[in-house]
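Chemist: Below are the sequence and a predicted model for it; my questions follow.
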Amino acid sequence: MSNADTVIAALRAGHDTLASFVSGLGDGDLAGPSGASEWDISQVLSHLGSGAEINLATLQAALDGHPNPGRDFNLSVWDRWNAMSRRDRADGFLRSNEAATARYESLDAATREALRVDLGFLPVPVDVATAARMRLSELALHSWDVRVGSDPHATLAPDATAALLEAASGMLAWTSRPEALGGREAVLRVTTTDPDSTFTLHLAEPVSVDPAAPQTPDGTITLPAEAWLRLVAGRLAPATHPHRHDHRHRRPRPAPRRLPRLLTSPQPSPPPLDAPSPKSPPRGRRSRNRSLGPRGRADKPAGSGRPQGPLWTDPAPPLRVAGSRPGIVVRNGPQGTLLASSRVAVTCGNVAGSIADTRASGLHGSLGVCPQWSVRLAAF
């Protein structure tokens, strides 16, 4: 299979899976919470459905040799979807996403290789594989948003993860905010599983990824590949330990408005750095590599305030962080939350501990650091 074939196959699988889930939702379910904190499930489906309609029009324009339909067209689509009832949004998503997926599938091998698509927001047209991959990123992440409200164990689909892994790392230079580093730099070794990969994350200006593994990293991150994708998209966050049984096991206190909710309750001693970790859960926000939603806003309905994602307290994939010197632990994308939990081991200088053993606090815009005995957690 070609690159485009693989991505289009993942688009089909992703649509079929989400369509099956959405078809079973009642009106009350559509009003329920999603991984995008200020959207209910119907609003996520509105974002996906309107995006599919715009994506189909964009693809068709390329096939017909016409320019991108443009922002005025996009605004008219968003206005129409915003005015829909919750049920109409769900039904409309099923129709429009099926139509967009089927149109990609209808492209023959020569067209998949030669066609260039003007997406309207990039400096040059892109090939079919890239256009389809950007649509797949939207579908995979927002499908997670739809499912995680009722399934805290939700993960990204394996075929979508494999298709998106390399491209997601390549977007970090665009989506990251290196000014939060305050001039500090670090080199992190990132190791993923399912699929397996090892690469270098350079925390500097600009943030970049090197496909080769670093020889002397300042720290390491080990996690499933789908968790890495959610991390860079602002969808991975702190959680309580799923196997604790003492009186201190509690839900985190809410943070002030416009600040992330953080894990602040006392925790037991951390496991060794080489000990297996239970799973830690997701976060319902995304980074700046986002497409525009209704009225050109990202991941939020028109007229709403700054996104404030939920803190999921059930298990999700394991993650361990180890830093060989004081300084940077790891950062999330814009509007996300720095990942940390009671089972994330942190080495700060010669002191080993866990995030929850130290003082946890958060200020918007700050970077997670490890000065002596404390770790600060914050959103970006």
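Modeler: The structure has been received and is ready for your questions.
Chemist: for the closest residue to Leu107 other than its chain neighbours, what are its contacts?
Modeler: Setting aside the residues directly before and after it, Leu107 is nearest to Val128 in space (C-beta to C-beta, 6 or more residues apart in numbering), at 6.4 Å. Quick note: C-beta positions are derived from backbone N, CA and C, even for glycine. By C-beta atoms under 8 Å, 6 or more residues apart in numbering, the contact set of Val128 is 4, 104, 107, 111-113, 115, 117.
Chemist: which of these count as buried?
Modeler: Using 16 or more other C-beta atoms under 10 Å as the burial test, those include 4, 104, 107, 112, 115, 117 as buried.
Chemist: Now pLDDT and secondary structure too, for those, in TSV please.
Modeler: What follows is the buried ones among the contacts of Val128, written out as TSV (pLDDT from 0 to 100; DSSP: H, G, I helix; E, B strand; the rest coil):
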residue	pLDDT	secondary structure
Ala4	95	helix
Tyr104	99	helix
Leu107	98	coil
Arg112	98	helix
Leu115	98	coil
Val117	97	strand
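Chemist: and the residues you listed as JSON lines, adding distance to Arg89?
Modeler: As requested, the buried ones among the contacts of Val128 are exported to JSON lines (distance: C-beta to C-beta, whole Å):
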{"residue": "Ala4", "distance to Arg89": "29"}
{"residue": "Tyr104", "distance to Arg89": "22"}
{"residue": "Leu107", "distance to Arg89": "28"}
{"residue": "Arg112", "distance to Arg89": "31"}
{"residue": "Leu115", "distance to Arg89": "30"}
{"residue": "Val117", "distance to Arg89": "26"}
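Chemist: Out of the residues you listed, which is nearest to Ala52?
Modeler: Nearest to Ala52, judged by C-beta to C-beta, of the buried ones among the contacts of Val128 is Tyr104 at 10.6 Å.
Chemist: from what I can see that closest one touches Leu59, true?
Modeler: Yes. In this structure, Tyr104 is within contact of Leu59 by C-beta atoms under 8 Å, at 7.1 Å.
Chemist: give the contact list for Glu226.
Modeler: With contact taken as C-beta under 8 Å, 6+ apart, Glu226 is in contact with 155-156, 158, 161, 194, 317.
Chemist: do the same with Ser150
Modeler: 29, 32.
Chemist: Against Ala90, how distant is it?
Modeler: Between Ser150 and Ala90 the computed distance is 15 Å (C-beta to C-beta, to the nearest Å).
Chemist: Please, where are all the helices along the protein?
Modeler: Taking DSSP state H as the criterion, the chain carries its helices at 3-23, 27-30, 41-64, 71-82, 86-106, 109-114, 128-148, 158-170, 172-175, 225-232.
Chemist: Deepest in the core, which of those helices is it.
Modeler: Highest mean neighbour count among those (mean count of other C-beta atoms under 10 Å): helix 225-232, with a mean of 27.
Chemist: can I get the CA coordinates of that helix in PDB?
Modeler: Taking C-alpha atoms only, helix 225-232 is exported to PDB below (Å, rounded to 0.1, in the frame of the first residue of the first chain):
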ATOM      1  CA  ALA A 225       2.700   6.000  20.700                       C
ATOM      2  CA  GLU A 226      -0.900   6.900  21.000                       C
ATOM      3  CA  ALA A 227      -0.300   8.600  24.400                       C
ATOM      4  CA  TRP A 228       2.500  10.600  22.800                       C
ATOM      5  CA  LEU A 229       0.100  11.800  20.100                       C
ATOM      6  CA  ARG A 230      -2.400  12.800  22.800                       C
ATOM      7  CA  LEU A 231       0.400  14.400  24.800                       C
ATOM      8  CA  VAL A 232       1.400  16.700  22.000                       C
END
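Chemist: how big is the angle separating that helix from helix 128-148?
Modeler: Per axes from the mean of the first three to the mean of the last three C-alpha atoms, to 10 degrees, the angle that helix 225-232 makes with helix 128-148 is 90 degrees.
Chemist: what does stretch 53-63 contact?
Modeler: 67-69, 73-74, 77, 81, 96, 99-100, 103-104, 111, 115-120, 125, 131, 135.
Chemist: Report the mean per-residue pLDDT for it.
Modeler: Stretch 53-63 shows a mean pLDDT of 98.
Chemist: And stretch 87-96, by the same measure?
Modeler: On average, stretch 87-96 scores 98.
Chemist: what does stretch 94-114 contact?
Modeler: 2, 4-5, 8, 11-12, 15, 18-19, 22-23, 48-50, 52-53, 55-56, 59-60, 63, 115, 127-129, 132, 135, 139.
Chemist: is Thr192 in a bridge, and if so with what?
Modeler: Ser197, Leu223 (DSSP bridges).
Chemist: Number of residues surrounding it?
Modeler: 21 (other C-beta atoms under 10 Å).
Chemist: do you know how far it is from Met171?
Modeler: 16 Å.
Chemist: rewinding a little: of the buried ones among the contacts of Val128, closest to Glu205?
Modeler: For these, with Glu205 as the reference and C-beta to C-beta as the criterion, the closest is Val117, at 31.1 Å.
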